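# Next come a sequence and a model predicted from it.
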Amino acid sequence: MKEYKHQMLPEHGGNRYRAGVRYDFSANINPLGMPEPAKKAFAGMADMLEYYPDPDCTLLREAIGEWEKVPAEWILTGNGAVELIYGLVYAVKPKKALLVEPSFSEYEKALRNVDCEICYYKLDKSDGFQVNEEILNSVTTDLDLVFLCNPNNPTGQTIARECMYDILKRCEQNQTLLVVDECFLPFLSTEEERTLKPYLLTHSCLAVLRAYTKLFAMPGVRLGYLLSGNPVLLKKIRNVLPEWSTSQVAQIVGREAAKDTGYLFRTRNLIDKERLFLREELKDNPLIDCLYGSEANFLFFRGDTMLYEKLLQQGILIRDCSNFLSLKKGYYRIAVRTHEENIKLVNGMKRLAEKARDQEETWQK
């Protein structure tokens, strides 16, 4: 079994609280910012903060249910998706689990807290870090839990619908709980083709994680939710979560954000356009060795091993992915931001490439 990799780097993106950072590409937050209804609600909620929040989150769950087109009874909210990951693991107490490597580190941390044995399905860089049908060989009968992230973080790769359904069927046969983290899936125009939400009613082994953090650009609010058609599982998780884990602020802002019906359309248009722009502008940059096929609201690539430090000197923060399991120095993730911000990144990369070329010419002389 692999030892958990400790590192000095920030464990997640978004650590912009340092001198000199002007442009943050390390956190995959919606560049549109919070929806206007949510901003207005936040500005006017002072009088509500003297009351305890609704422990059942009734109105919030109804709003999420309308947004996600699922019954409110299938929804459990929490203080971000991470709290729900830990709550689920504490509730289920799995003895053996399967993780994709590399992927979001909090799955592993939560599992280690309950002394769970962890197996890994290692993604192959020669295959673009893609999850394929070979993973079925790892979904064995002795597993209690499988975590999947779709699209995966940090690679941005999605799992083919047929493959995902085969994994779901195998888990159902083995009585293994399948938890699919779909926090980045709403950024994709193909969301409806890829989500496992339609199987929640017919597959009691399935749970789907989502969050307001990235999609609605409100990581400071801390609001995530878990979808499941299994009332026993939902009750177990709810019983291990602290009372009032979803704050008054999160409930009010969350309800209002879901009312902006055009927000998702605008988001996808922006992400599709700007992801293509970044890919086209960066694909031939000599500081990038390989730009992988991310479909999410971020790009994943391998390049100059000092790129993180070099861009930081220009006030540009990117995500150094060397603290993900199986990744080494030189792997990076960059968020898709506004066009103006993306131009700053592109120009910063060009300056570094020109500087490297000038230095090489000087050495040759």
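Cool, got the structure. Numbers count the residues shown, from 1 in each chain.
# any chance you could map the helices in the stretch 251-365 of the chain?
263-282, 307-312, 339-364 (DSSP state H, counting those that start in this stretch).
# contacting residues for residue 46?
Neighbouring residues of residue 46 by Cβ atoms under 8 Å, 6 or more residues apart in numbering: there are none. Every residue, glycine included, has its C-beta placed from N, CA and C.
# separation between it and residue 63?
Distance of residue 46 to residue 63, computed by Cβ to Cβ, to the nearest Å: 21 Å.
# Ok, residue 54 next?
Taking Cβ to Cβ, one finds residue 54 at 12 Å from residue 63.
# quick one, which of the two is more surrounded?
residue 63 (20 against 14; other Cβ atoms under 10 Å).
# for the helix or strand where that one lies, packing partners?
For residue 63, the host element (DSSP states H and E) is helix 58-68. The helices and strands touching helix 58-68, judged by 3 or more Cβ pairs under 8 Å, 6 or more residues apart in numbering; DSSP states H and E, are strand 75-78, strand 224-227, helix 248-257.
# Any chance of these in TSV with mean neighbour count and mean pLDDT as columns?
Shown next, in TSV, are the helices and strands packed on helix 58-68 (neighbours: other Cβ atoms under 10 Å; pLDDT from 0 to 100):
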stretch	mean neighbour count	mean pLDDT
strand 75-78	24	98
strand 224-227	24	98
helix 248-257	22	95
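# For residue 236, which of the ones you listed is the nearest?
strand 75-78 (10.2 Å; Cβ to Cβ).
# hmm, who's touching the very next helix or strand once past the closest one?
Downstream of strand 75-78, the first helix or strand assigned by DSSP H and E is helix 81-92. In this structure, residues lying in contact with helix 81-92 by Cβ under 8 Å, 6+ apart are 76, 78, 106-107, 110-111, 113-114, 116, 144-145, 177, 179, 181, 183, 207, 209-211, 213, 222, 224-226, 233, 236-237, 239-241, 245.
# Do you have the strands of the protein handy? List them.
For the chain, strands defined by DSSP state E occupy the ranges 23-24, 75-78, 96-101, 117-122, 145-149, 177-181, 206-211, 224-227, 288-291, 298-303, 316-317, 319-320, 331-335.
# export those to JSON lines and tack on distance to residue 198?
Listed next are the strands of the chain as JSON lines, based on distance: least, Cβ to Cβ, whole Å:
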{"stretch": "strand 23-24", "distance to residue 198": "35"}
{"stretch": "strand 75-78", "distance to residue 198": "16"}
{"stretch": "strand 96-101", "distance to residue 198": "23"}
{"stretch": "strand 117-122", "distance to residue 198": "25"}
{"stretch": "strand 145-149", "distance to residue 198": "16"}
{"stretch": "strand 177-181", "distance to residue 198": "12"}
{"stretch": "strand 206-211", "distance to residue 198": "10"}
{"stretch": "strand 224-227", "distance to residue 198": "11"}
{"stretch": "strand 288-291", "distance to residue 198": "33"}
{"stretch": "strand 298-303", "distance to residue 198": "26"}
{"stretch": "strand 316-317", "distance to residue 198": "38"}
{"stretch": "strand 319-320", "distance to residue 198": "32"}
{"stretch": "strand 331-335", "distance to residue 198": "29"}
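# Of all the ones you listed, which one comes closest to residue 50?
Closest among those, once you apply Cβ to Cβ, is strand 75-78, at 21.4 Å.
# ok, that closest one: who's next to it in the sheet?
In the sheet, strand 75-78 lines up against strand 224-227 (antiparallel) (DSSP bridges).
# so who does residue 103 touch?
With Cβ under 8 Å, 6+ apart, residue 103 has these contacts: 147, 149, 152, 153, 324, 325.
# Verify the stated contact: the fourth one with residue 182.
Read that as residue 153. No: assessed by Cβ atoms under 8 Å, residue 153 is found out of contact with residue 182, at 11.3 Å.
# Which one of the helices and strands packed on helix 58-68 lies nearest to residue 301?
So among the helices and strands packed on helix 58-68, strand 224-227 is nearest, using Cβ to Cβ, at 27.8 Å.
# For that closest one, output the C-alpha coordinates as CSV.
What follows is strand 224-227, C-alpha atoms only, in CSV (Å, rounded to 0.1, in the frame of the first residue of the first chain):
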residue,chain,number,x,y,z
GLY,A,224,-22.2,21.3,-1.2
TYR,A,225,-24.8,18.6,-1.6
LEU,A,226,-25.1,14.9,-2.1
LEU,A,227,-27.8,13.2,-4.2
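# Buried residues of the helix or strand bottoming out on mean pLDDT in the chain, list them for me.
In the chain, the helix or strand scored least confidently by mean pLDDT, DSSP states H and E is helix 339-364, which has a mean of 88. Going by neighbour count (16 or more other Cβ atoms under 10 Å), the buried part of helix 339-364 is 341, 342, 344, 345, 346, 348, 349, 352, 353.
# could those go into a markdown table alongside distance to residue 124?
Shown next, in a markdown table, are these (distance: Cβ to Cβ, whole Å):
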| residue | distance to residue 124 |
| --- | --- |
| 341 | 32 |
| 342 | 30 |
| 344 | 34 |
| 345 | 28 |
| 346 | 29 |
| 348 | 31 |
| 349 | 27 |
| 352 | 29 |
| 353 | 29 |
